[in-house]
Structures are given as C-alpha cells and as structure tokens.
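Asker: dropping the sequence and predicted coords here.
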Amino acid sequence: MRRFIWKTVLVTLLASSWSAADAAILELTPTSQFAVQGSTIYRSVELPPSFLVEPSPFGRPVLIRSGGPTARLLDPMRITRDAADPDVVRVDTSGPQESFLSVRLDGSDLILERDGRTMTLKASPPLLGDRSLDELIAAMPEYRRDATRYTPDPAAIEKLRHLKQPTELLVFFGSWCPHCAQTVPRLVRVLQDVQGVPITVTFHGVPHDRKDPLTDDLGITGLPTAIVRRDNKELARMKGDAWDAPERALAALVTSTAR
C-alpha cells in the first residue's frame, strides 16, 4: 500500500518556493484536503500553490501564498466566479500588495493573526468508511472536477453499457492518497458515463495508518483497489496498472467473468 501522511503536505506546499512567475490572475477550485472552520477553501489549479479562504474571521477573504508563506486580506471585488463553472473562482492579484497578516506554522497547522483575531488552516481528517458515488464526489470536489477532465476509451464504455448481470464494486481508497487522487476520479467518470448499467458501487475510505478491519479481512495491500463481485462472491480485483484506464480493466473483468 502506498503510504502518504497528508498532514505534512500543507507544511511542504507552503514552505516551498517555485521558480515559475506568479500569474496576475489566479484560478482556484474548491479543495477538501484543507479546512478552516466555517469557510470554503480553494486551491490554485496551477503551481505555485495558493489558497483562498472565504469567508474568513477577518471580515474579508484571505489569500495565502507559498514561498514564505504569506497571507493577506483581499477586496472581494478582486474575486470573480466563472459563469460556466461555479467551482472556478479567479483572483486578481495585481496592484498594491498590502493588508498582510501575521503567519506562523504550528506543527502541521498554519496560524494567521491580525488585529487580535486568529484563523487556523489545517489538513482535513481522512474520509473514512463507506460512501456512495454521489457522497464521494460531494465530499471530494477534486474528484468531481478531475473526473470531468478524463476521457474514457469509447469501446470499453460501450462494452460496459451492454452489461446485463448485476455487478458490485467495492473500491478501497484513501482521501489522503496522492495516487488515489490521480486515478479514482477516472473511475468516477466511467461510472457517470454508464449510469443505468447494473453496477453498484461502494467507496471505502481507509485511514493513514491502514488500521481498518475491512481491509484486513479482505487482504487489501495497495490503494486504490476495486473488488468486483457478483452474488456476494468475489470475481476479480482491479489494482496497480489497471487504474491507468479503469474502464478497460473493468470491461475486461466483467466480460471475462460473464456467465
């Protein structure tokens, strides 16, 4: 199993410096990986990483930049939303750089202070237990957005659309796992493209330390892993390179196991 302690990512991202020039217009999308109580967190689509916190305890949105890190208050007029994609916000960072906040790292948390007020940006806890497809993409906006960017193999999708036998998928993943973040959205897109086919899916989130009774019982050794079942009997597992094109792997598995 690929291990990755997500709580260190915030520290690594914000402490890093990048050679790329900062763009005057930042494009950001919602992230579930970091949290501020009562706020929505947006992460920049491109490097270097930046975060937008809206609303904030300071009365104005907060823009956090890597390379220091630094943070400052924004005029809300600098923030615009994409009319075609409500998940996308753009921030105009041009003009005077002012209204800065005090910033310090406290372990894995980022503490911001100004005028006697404090805000803490921290890594979100992992998503644990069973989730439906709709619940997964509601909890993981990154998965929803990345799914739209994946183009499945049309021939494999067509095979899956002809599936007649009820089939179950039990997908093990970690919301903290970077390999899952790259590959699970592909399966999300595949499932969205074959809606109406008799495939029932459960996504099972596991913790950082892998101490999960179900993974132990089923001998899960890598993430992500999908178990294909019919009539509560395991037929095959999808893991490793199969996630490069999950629609092809899944089509091959359900075709080869058809009665």
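Answerer: Structure's in. What do you need? Numbering: from 1, shown residues only.
Asker: now the helices for the stretch 51-200 of the chain?
Answerer: Using DSSP state H, counting those that start in this stretch, the helices found in the stretch 51-200 of the chain span residues 133-139, 141-148, 154-161, 178-193.
Asker: and the last one, how far out from the chain's middle?
Answerer: The one in question is helix 178-193. Taking C-alpha atoms, centre = their mean, to the nearest Å, one finds the center of helix 178-193 at 10 Å from the center of the full chain.
Asker: could you give the number of residues near G196?
Answerer: 6 (other C-beta atoms under 10 Å). Every C-beta, even on glycine, is put in place using the N, C-alpha and C of the backbone.
Asker: quick check: L28 is in a helix.
Answerer: No: counting by DSSP: H, G, I helix; E, B strand; the rest coil, L28 is not found in a helix; it is strand.
Asker: quick one, what contacts it?
Answerer: Contact partners of L28, counting by C-beta atoms under 8 Å, 6 or more residues apart in numbering, are 42-45, 50-52, 88-91.
Asker: by mean pLDDT, show me the worst of the helices of the stretch 51-200 of the chain.
Answerer: Of all the helices of the stretch 51-200 of the chain, the minimum mean pLDDT falls on helix 141-148 (a mean of 91).
Asker: what's that one packed up against?
Answerer: Helices and strands touching helix 141-148, as assessed by 3 or more C-beta pairs under 8 Å, 6 or more residues apart in numbering; DSSP states H and E, comprise strand 25-30, helix 133-139, helix 178-193.
Asker: now do it against strand 25-30, angle only.
Answerer: 110 degrees (axes from the mean of the first three to the mean of the last three C-alpha atoms, to 10 degrees).
Asker: buried residues in helix 141-148?
Answerer: Buried residues in helix 141-148, counting neighbours by 16 or more other C-beta atoms under 10 Å, are found at 141-147.
Asker: dump those into a markdown table; add distance to C180 as well.
Answerer: Converted to a markdown table, the buried residues of helix 141-148 look like this (distance: C-beta to C-beta, whole Å):
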| residue | distance to C180 |
| --- | --- |
| P141 | 15 |
| E142 | 11 |
| Y143 | 9 |
| R144 | 14 |
| R145 | 15 |
| D146 | 11 |
| A147 | 13 |
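Asker: closest to I25 among the residues you listed?
Answerer: Here the nearest of the buried residues of helix 141-148 to I25, counting by C-beta to C-beta, is R145; it sits at 18.6 Å.
Asker: so who does that closest one touch?
Answerer: Per C-beta under 8 Å, 6+ apart, neighbours of R145: 29, 87, 185.
Asker: can you tell me which one of the contacts of L28 sits lowest on pLDDT?
Answerer: Ranked by pLDDT, the contacts of L28 bottom out at V45, which has 84.
Asker: identify the bridge partners of the nearest residue to F51 once chain neighbours are set aside.
Answerer: Excluding the flanking residues, the one nearest F51 by C-beta to C-beta, 6 or more residues apart in numbering is I64, at 4.3 Å. When assigned by DSSP bridges, I64 has beta-bridge partners F51, A71.
Asker: for I64, grab the count of nearby residues.
Answerer: Residues near I64, counting by other C-beta under 10 Å: 27.
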